[in-house]
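Peer 1: quick one: sequence and predicted model below, then my questions.
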Amino acid sequence: MAGHVFTVGGPTSGIAAKLANNLMLFITLQASSEGARLAEALGLDPAVFHDIATVSSGDSWPLRTWYPVPGVVETSPANRNFDATFTTGLAAKDLSYALAAGDAAGLDLAAGRLAMERFERLIDEGYVDKDCSLVVKYVGRDGRTPGFDPAA
């Protein structure tokens, strides 16, 4: 949406569009994290897998912009110890509003709830100001991920 102007309706319609879009972003971020780590675990070169996924059905904005493996995508927070481009706290705020809207509409946003659980876990661990793409650390059972040093 950045750089584009849309007429979406009356008051609060723009907020509704933002909430729905960010819900999709955070769910897709989780999927990109899991796919990246699975590709790595299966022995694929991260850069080669990224190239494949960005021209295939797994393509998404977080895959192209926040790929959670250092050294593959220049704009990835994984290159900077997950210093924030979009904080976990802001992601949790936006997602909580989207989930509340879904509840009010009688929807079951199960994938959105999973994403929210991950953001809440990051916040509980003290990473509220780290980038929301740090959710990748929960893909590994040991809670570690390449590019992140919690002591730094």
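Peer 2: Perfect, thanks for sending it.

Peer 1: which non-adjacent residue is nearest W66?
Peer 2: S133 (4.4 Å; Cβ to Cβ, 6 or more residues apart in numbering). To be clear about C-beta, it is placed using only N, CA and C from the backbone, and glycine gets the same treatment.

Peer 1: residues contacting that neighbour?
Peer 2: 29, 33, 62, 66, 68, 76-78, 82 (Cβ atoms under 8 Å, 6 or more residues apart in numbering).

Peer 1: and the residue most central in space within the chain, which of the three is it?
Peer 2: A centroid search over the chain (Cα atoms, centre = their mean) returns L29, at 3.0 Å, as the residue closest to the centre. What DSSP: H, G, I helix; E, B strand; the rest coil gives for L29 is helix.

Peer 1: what count of nearby residues applies to the nearest residue to it once chain neighbours are set aside?
Peer 2: Closest residue to L29 apart from its sequence neighbours, by Cβ to Cβ, 6+ apart: P62 at 4.3 Å. P62: 22 surrounding residues under other Cβ atoms under 10 Å.

Peer 1: do the one 10 residues further on as well
Peer 2: Counted with other Cβ under 10 Å, the neighbours of V72 add up to 19.
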